[in-house]
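Novice: Output the structure for:
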Amino acid sequence: MNQLVFATANKNKVLEIQKIMDGHYKFLSLMDIGCLEEIPETQQTIKGNALQKARYVYENYGKNCFSEDTGLIIDALNGAPGVYSARYGGPEKDANANIDKVLRELGATENRNAHFKTVIALILDGKEYTFEGIVNGTILKNRRGSFGFGYDPVFLPLGKFKSFAEMSSEDKNKISHRGIATDKLKSFLLNL
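Specialist: Alright, predicted model coming up:
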């Protein structure tokens, strides 16, 4: 069975991708390969950060791998928080602080159009591939729901009546930016 490192320390993310791939690959976390250091994310784009993380693992550990980076892009905030989504409210990467800052900056703004973007960067035997997923929606004025993570309580996908945080993980993954990018990765890997 082929092995592939997912550039994350989150075991739950590794298990989730393992389920999506139906056992066609064995996925390893950063901890599984002894990578305990924090991988830099210093690029100015979501794609750049995804590639930077994958390159770091490939160059320092010699393992085929993939990584992902995600950002929330809000029209009325000129694309913010964007590449800084995880640390928008401060270096602690606190989801509530991030949401508070977005809601405060938007205030009573009527244009609440936004989209989530995920880029997965894959490196196989030195060759680089990227897979993108985008979902459009709007930013709610108040939090709704208790599922999910990050900005999910304030993101309402286009054409839906529930925020991401009000959806089950199965329903969210069917339409989410991460789900779309992961499906592209899966199709690519299964067709190798």
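
Novice: Kindly list the longest helix within the protein.
Specialist: Using DSSP state H, we find that the single longest helix of the chain is helix 46-61.

Novice: Kindly export it (C-alpha atoms) in CSV.
Specialist: Presented in CSV, the C-alpha positions along helix 46-61 are these (Å, rounded to 0.1, in the frame of the first residue of the first chain):
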residue,chain,number,x,y,z
ILE,A,46,-3.0,30.3,0.2
LYS,A,47,-1.4,28.3,-2.6
GLY,A,48,2.0,29.5,-1.6
ASN,A,49,1.5,28.4,2.0
ALA,A,50,0.2,25.0,1.0
LEU,A,51,3.2,24.5,-1.3
GLN,A,52,5.7,25.8,1.3
LYS,A,53,4.5,23.2,3.9
ALA,A,54,4.6,20.3,1.4
ARG,A,55,8.0,21.3,0.2
TYR,A,56,9.3,21.5,3.8
VAL,A,57,8.3,17.9,4.5
TYR,A,58,9.6,16.6,1.1
GLU,A,59,12.9,18.4,1.4
ASN,A,60,13.6,17.7,5.1
TYR,A,61,12.1,14.2,5.4
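
Novice: packing partners for it?
Specialist: Packing contacts for helix 46-61, counted by 3 or more C-beta pairs under 8 Å, 6 or more residues apart in numbering; DSSP states H and E, involve strand 65-74, strand 113-124, strand 127-139. Every C-beta, even on glycine, is put in place using the N, C-alpha and C of the backbone.

Novice: Figure out which of the ones you listed is closest to E38.
Specialist: Closest to E38 of these, according to C-beta to C-beta: strand 65-74, at 13.1 Å.

Novice: by contact count, what packs against the closest one?
Specialist: Strand 65-74 is packed against strand 2-6, helix 46-61, strand 81-82, helix 95-106, strand 113-124, helix 177-190, with contacts defined by 3+ C-beta pairs under 8 Å, 6+ apart.

Novice: how about stretch 113-130 as PDB, C-alpha atoms only?
Specialist: Presented in PDB, the C-alpha positions along stretch 113-130 are these (Å, rounded to 0.1, in the frame of the first residue of the first chain):
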ATOM      1  CA  ASN A 113     -20.200  38.400   0.300                       C
ATOM      2  CA  ALA A 114     -17.400  36.000   1.000                       C
ATOM      3  CA  HIS A 115     -15.800  32.700  -0.100                       C
ATOM      4  CA  PHE A 116     -13.700  30.000   1.400                       C
ATOM      5  CA  LYS A 117     -10.700  28.800  -0.600                       C
ATOM      6  CA  THR A 118      -8.700  25.600   0.100                       C
ATOM      7  CA  VAL A 119      -5.600  24.600  -1.800                       C
ATOM      8  CA  ILE A 120      -4.100  21.200  -1.400                       C
ATOM      9  CA  ALA A 121      -0.500  20.900  -2.500                       C
ATOM     10  CA  LEU A 122       0.800  17.400  -3.300                       C
ATOM     11  CA  ILE A 123       4.400  16.400  -3.900                       C
ATOM     12  CA  LEU A 124       5.000  12.900  -5.400                       C
ATOM     13  CA  ASP A 125       8.600  12.000  -6.300                       C
ATOM     14  CA  GLY A 126       9.500  15.600  -6.600                       C
ATOM     15  CA  LYS A 127       6.600  16.600  -8.800                       C
ATOM     16  CA  GLU A 128       4.200  19.200  -7.500                       C
ATOM     17  CA  TYR A 129       0.400  19.300  -8.000                       C
ATOM     18  CA  THR A 130      -2.200  21.600  -6.600                       C
END
